[in-house]
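Peer 1: Next come a sequence and a model predicted from it.
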Amino acid sequence: MVRRQRSATLLLGIEGLAVALVTLDGDGGRVVDVVTDERSAAACPECGVLSTSVKERTTTHPRDLPYGASSVRLVWHKTRWRCRERACPRGTFTESLATVPARSRLTSRLRAECGERVATDAACVQAAVDRYRVSWPIVHAAFVAHVDAELAAPVPAVRVLGIDETRRGKPVWARDEETGRWRIIADRWLTGIVDADGTAGLLAHVDGRTAHVVSDWLTDQPKAWRDNVTHVCIDLSASYAKAVADALPGAVLVADRFHLVRLGNDMVTAVRQRATREERGRRGRKRDPEWVSRRRLLTAHERLSPASFARMWNGLIDQGDLGIEVLHAYAVKENLRALLALAPTPGTSVPDRSAISHRLWRFLSLAAASDSPEVHRLAATVENWWPAIEAGLLTGYSNARSEGYNRLAKHQGRNAFGFRNTENQRRRIRWACTRQHRRATAGTNELPAQVR
């Protein structure tokens, strides 16, 4: 009979296994001989009948968690049994435990630790492979098992949605044989749907950025969930606006203010470049005042020092019509920013409609006084999207969370050195973008019953 060391068994901590002997190998690692200490391990996995007929003794070497600086190698002395139940089709079987499943080369806790490390440390699979010295497929499968149950849970109820796209990989270019020009032949996109005003994080990633794919995902959600959505933040995308109108007719569309400011800056750059080409017959150069001031023109007025603003203004005024046209575009952009600045922030109140109307009138009047087609296009965009812009000014909602999750999505792509499998990419990105929701849910679940 094998003698069992109770203290060493408690230290090992694998349920169903008892430590018989601990020795050192030639490299200073520990070799732990263990035996089965669970009577149910002798039960046939097919019929469940306990066996008393031993066929042979065998040993296996399951991998386990490392202990300290030196390695630990398990040697499991196990028994192969005969099943004497006549109705059972199984002839023989080898002992197995929940902690060391049949035909598994890893203990359950090592497999779970691999998946948890990748999930909780936001590490790539290869990092866990190097740490625990197991194969890449095993670590990835452990991560999938760790996160899939939680990601498969029903989508939590949200009031404000954010929709934005992110590019999957890089576009593929090819030269057109007829024209000789380069064109994009493959450009893959993912659309992220996020909780824009809560902690639910990234709700889903769908392939493509068309109205059809977004509308399909929204329609697949329960009616009660869709009825709970009151606002949807987008980035002036006609496709997303159509998807919201089709799937969430009762929701209010909100235009993201960041993208409006970017349109204003793009307008100023377009005016500057066109005016330079028309006036000078060439592109801008370092000696041109409008080129020297190109970054100041894109900087908010309140962030420019008085000296820097005066240097920009005086330098452009001296250029005559060219400088006046560029400064006019700059003034239009700043009036647009002043209009968007009325949106409430935490600690501030909702703006008065009269203030909104006054600043909108100032912006449109200044745009109408300009001869630049770029300014007129910006004003037309603001007029077309005004209901969605006004909704953002009255509520303060924006698509900032979507932009933040796009950054996390790109970070996950860099960690993985790119994804070939779209499902793996969605899983990693969703897990990284729902950390706040998991923390909030865990905090709620830990409250005492009487507090809840």
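Peer 2: Done, it's in. Since we're looking at a predicted model, the values are computed, not measured.

Peer 1: so who does A275 touch?
Peer 2: With contacts defined as Cβ atoms under 8 Å, 6 or more residues apart in numbering, A275 is in contact with E290, L322, E325, V326, S372. (Each C-beta comes from the backbone N, C-alpha and C, glycine too.)

Peer 1: helix or strand for R362, which one?
Peer 2: helix 353-368 (DSSP states H and E).

Peer 1: now do V147
Peer 2: Secondary-structure element containing V147, defined by DSSP H and E: helix 136-151.

Peer 1: What is that helix packed up against?
Peer 2: Other helices and strands packing on helix 136-151, by 3 or more Cβ pairs under 8 Å, 6 or more residues apart in numbering; DSSP states H and E, are helix 108-120, helix 125-132, helix 422-432.

Peer 1: and that helix, how far from the chain's centre?
Peer 2: In terms of Cα atoms, centre = their mean, to the nearest Å, the centre of helix 136-151 is set 17 Å apart from its chain centre.

Peer 1: got any ranges where this protein has weak pLDDT?
Peer 2: Scanning the chain for pLDDT under 70 picks out the ranges 1-3, 442-452.

Peer 1: Same question for the host helix or strand of A310: list its buried residues.
Peer 2: For A310, the host element (DSSP H and E) is helix 306-317. Residues of helix 306-317 classed as buried under the neighbour-count rule (16 or more other Cβ atoms under 10 Å) are F309, R311, M312, W313, G315, L316.

Peer 1: Restrict stretch 166-176 to CA atoms and write it as PDB.
Peer 2: Coordinates of the C-alpha atoms in stretch 166-176 are reproduced here as PDB (Å, rounded to 0.1, in the frame of the first residue of the first chain):
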ATOM      1  CA  THR A 166     -13.500  50.900 -37.200                       C
ATOM      2  CA  ARG A 167     -11.300  49.500 -39.900                       C
ATOM      3  CA  ARG A 168     -10.400  45.800 -39.700                       C
ATOM      4  CA  GLY A 169      -6.800  45.600 -40.900                       C
ATOM      5  CA  LYS A 170      -5.500  47.600 -43.800                       C
ATOM      6  CA  PRO A 171      -7.100  48.300 -47.200                       C
ATOM      7  CA  VAL A 172      -5.900  46.300 -50.100                       C
ATOM      8  CA  TRP A 173      -4.800  48.300 -53.200                       C
ATOM      9  CA  ALA A 174      -4.400  47.300 -56.800                       C
ATOM     10  CA  ARG A 175      -3.400  49.100 -60.000                       C
ATOM     11  CA  ASP A 176      -6.100  49.400 -62.600                       C
END
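
Peer 1: Other residues contacting it?
Peer 2: Defining contact as Cβ under 8 Å, 6+ apart, one finds that stretch 166-176 is touched by 181-192, 406, 409-410, 413, 418-419, 422, 425.

Peer 1: which of the residues you listed count as buried?
Peer 2: When burial is judged by neighbour count using 16+ other Cβ under 10 Å, the buried members of those are W189, L190, T191, G192, N406, A409, G413, F419, Q425.

Peer 1: tell me the domain ranges of this structure?
Peer 2: Structural domains assigned to the chain are 1-104, 106-152, 160-256+399-443, 259-395, following automatic domain parsing.

Peer 1: May I have the distance across the shortest one, first residue to last?
Peer 2: Put plainly, it is domain 106-152. Using Cα to Cα, to the nearest Å, one end of domain 106-152 lies 26 Å from the other.

Peer 1: just to revisit the earlier point, reformat the buried residues of helix 306-317 as CSV; add distance to L10.
Peer 2: Formatted as CSV, the entries for those read as follows, by distance: Cβ to Cβ, whole Å:
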residue, distance to L10
F309, 74
R311, 76
M312, 75
W313, 79
G315, 80
L316, 80
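
Peer 1: how many degrees apart are the helix or strand in which R262 is found and helix 306-317 in direction?
Peer 2: Using DSSP H and E, R262 sits within helix 257-280. Using axes from the mean of the first three to the mean of the last three Cα atoms, to 10 degrees, the interaxial angle of helix 257-280 with respect to helix 306-317 works out to 40 degrees.

Peer 1: Which positions within helix 257-280 qualify as buried?
Peer 2: Of the residues in helix 257-280, those with enough neighbours to count as buried (16+ other Cβ under 10 Å) are 257, 259-261, 263-265, 267-273, 275-276, 279.

Peer 1: Could you measure from C124 over to R168?
Peer 2: Distance, C124 to R168, using Cβ to Cβ, to the nearest Å: 18 Å.

Peer 1: who does the longest strand that the chain contains touch, helix- and strand-wise?
Peer 2: Among the segments of the chain that qualify as a strand by DSSP state E, the longest is strand 72-82. Contact here means 3+ Cβ pairs under 8 Å, 6+ apart; on that basis strand 72-82 packs against strand 30-36, strand 53-60, strand 92-94.

Peer 1: Name all residues that make contact with L97.
Peer 2: By Cβ under 8 Å, 6+ apart, L97 lies in contact with E15, G16, L17, T36, E38, A41.

Peer 1: Which residue ranges of the stretch 201-350 of the chain form strands?
Peer 2: Assigned strands in the stretch 201-350 of the chain, in chain order: 202-207, 231-234, 252-255 (criterion: DSSP state E, counting those that start in this stretch).

Peer 1: Compare those strands and give me the one nearest A69.
Peer 2: Taking Cβ to Cβ as the measure, those were each checked against A69, and strand 202-207 came out nearest at 39.4 Å.

Peer 1: Give the partner strands of the closest one in its sheet and their orientations.
Peer 2: On the basis of DSSP bridges, the sheet neighbours of strand 202-207 come out as strand 189-195 (antiparallel).

Peer 1: thinking again about what came up before, now the helix holding R262 against helix 353-368, angle please.
Peer 2: Here the directions of helix 257-280 and helix 353-368 differ by 20 degrees (the same axes, to 10 degrees).

Peer 1: one step back: could you list which of the contacts of stretch 166-176 belong to strands?
Peer 2: Reading strands off the contacts of stretch 166-176 with DSSP E, I get W182, R183, I184, I185, A186, W189, L190, T191, G192.

Peer 1: List the contacts of the fourth one.
Peer 2: The contact partners of I185, taken as Cβ under 8 Å, 6+ apart, are V172, W173, A174.

Peer 1: for the last one, same thing?
Peer 2: Under the criterion of Cβ under 8 Å, 6+ apart, the neighbours of G192 are 162-166, 202, 204-205, 402, 405-406, 409, 433.
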